[in-house]
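Visitor: Structure for the following, please:
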Amino acid sequence: MTLQNPLFQDKVIIVTGASSGIGRACAIHLAHQGAKVVVNYASDEEGGQSALDEILSNGGAGILIKADVSKEHDVNAMFEETIQTYGRLDVLVSNAGLQKDAPFLEMSLEQWQKVIDVNLTGQFLCCRAAARQFVQQVENGSTNAHSELSVGKIILMSSVHDIIPWAGHVNYAASKGGIMMFMKSISQELAPYKIRVNSVSPGAIKTPINQEVWSDPDKYKSLMNLIPYKRIGTPQDVAKAVAWLASDDSDYVNGETLYIDGGMTLYPEFADNG
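Guide: Okay, the predicted model is just below:
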């Protein structure tokens with residue numbers, strides 16, 4: 001692999017939900033910049049293996065680990081395998097998430113619980129494991145605690161729906177709103193340990209989860225009414241932002257949410273004075 005910009009040479013990064021979409025793009029992009037990437041998947045082994053194969057075929061390094069982020073045992077096992085393989089962890093990209101949509105009056109408890117379990121509890125379990133590992137690395141001397149730079153970075157994947165209400169998707173919107181305050185709270189608590197925590201909130205991104213919209217010309221045209229920049233985002237748009245937050249270039253950025261949305265959060269319906 002010819003590294004364009006080896007920001008992450010010898011760094012170890014876990015990317016959850018890396019079998020498709022944004023997670024896949026993040027894993028491949030970070031590997032291209034020198035990281036040893038743990039490609040996590042929950043059920044799509046073929047997708048996870050495909051992401052890892054692309055990394056390895058281009059000279060990168062990584063391993064594939066199956067883990068359901070909503071299950072504490074799975075998360076702990078994933079971190080243990082990571083440390084056994086690479087000896088340390090430098091960055092967590094806590095990306096895994098899903099949707100189970102239904103009108104509120106028809107939403108089942110199972111639909112609500114599954115989304116909260118993966119999107120919010122999964123963030124808690126992965127971030128806690130990462131933070132514990134970062135602290136342990138300082139205590140055992142494998143990370144320089146006297147450096148001005150952070151000893152570990154956590155990037156949480158949220159959504160513009162952490163601030164934009166979304167009727168028909170209340171479980172998803174609630175989980176993403178929860179991520180915002182969870183991120184801010186742990187960033188405040190972990191800052192004295194020199195652990196940086198931030199979020200990325202994508203808008204409309206061209207991924208398999210919303211293919212029904214971007215592949216239909218009429219639906220795509222309607223979507224553009226919500227995006228002042230007049231294009232749908234790509235997984236690479238998000239991956240590049242994640243890489244910046246994971247790098248030392250953003251070392252004084254902590255507890256922030258970076259919106260990657262082409263202006264979707266600018267209330268475009270008011271562009272002509274409402």
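Visitor: going forward, measure contacts and count neighbours with C-alpha atoms only.
Guide: OK.
Visitor: so where do the strands sit in the stretch 151-274 of the chain?
Guide: Applying DSSP state E, counting those that start in this stretch to the stretch 151-274 of the chain gives strands spanning 152-157, 195-202, 257-260.
Visitor: so which of these gets nearest residue 119?
Guide: Distance to residue 119, taken as Cα to Cα, is lowest for strand 152-157 among the strands of the stretch 151-274 of the chain, at 9.0 Å.
Visitor: quick one, phi psi at the residue most central in space within the chain?
Guide: By Cα atoms, centre = their mean, the chain has its centre lying nearest to residue 95, at 2.8 Å. Dihedral angles of residue 95 (phi, psi; degrees, to the nearest 10) stand at phi -100, psi -30.
Visitor: Quick check: nearest residue in space to it, chain neighbours excluded?
Guide: Nearest non-adjacent residue to residue 95, counting by Cα to Cα, 6 or more residues apart in numbering: residue 157, 4.8 Å away.
Visitor: what about residue 258, how many residues close to it?
Guide: 19 (other Cα atoms under 10 Å).
Visitor: do the one 5 residues further on as well
Guide: Other residues within reach of residue 263, judged by other Cα under 10 Å, total 15.
Visitor: wait, isn't the residue nearest to the centre of the chain in contact with residue 154?
Guide: No - contact criterion Cα atoms under 8 Å: residue 95 and residue 154 do not qualify, at 10.5 Å.
Visitor: Just the pLDDT at the residue nearest to residue 95, thanks.
Guide: Note for residue 157: predicted pLDDT of 98.
Visitor: Now for it: which residues touch it?
Guide: 93, 94, 95, 96, 199, 200, 201 (Cα atoms under 8 Å, 6 or more residues apart in numbering).
Visitor: And residue 75, how close does it get to residue 66?
Guide: 9 Å (Cα to Cα, to the nearest Å).
Visitor: any idea which helix or strand of the chain has the worst average confidence?
Guide: Lowest on mean pLDDT, DSSP states H and E among the helices and strands of the chain sits helix 211-214, with a mean of 87.
Visitor: Now tell me what touches that helix from outside.
Guide: 206, 219, 220, 223, 232.
Visitor: any idea whether residue 136 is helix, strand or coil?
Guide: helix (DSSP: H, G, I helix; E, B strand; the rest coil).
Visitor: ok, what's across the strand from residue 63?
Guide: As for beta bridges, residue 63 partners with residue 38 under DSSP bridges.
Visitor: Would you agree it is in contact with residue 37?
Guide: Yes - in this structure, residue 63 is within contact of residue 37 by Cα under 8 Å, at 6.6 Å.
Visitor: ok, these two, which is more surrounded?
Guide: residue 37 (31 against 20).
Visitor: Tell me who's in contact with the closest residue to the more buried one other than its chain neighbours.
Guide: The spatially closest residue to residue 37, leaving aside those adjacent along the chain, is residue 62, at 4.5 Å (Cα to Cα, 6+ apart). Neighbour list for residue 62: 31, 36, 37, 38, 39, 52, 55, 56 [criterion: Cα under 8 Å, 6+ apart].
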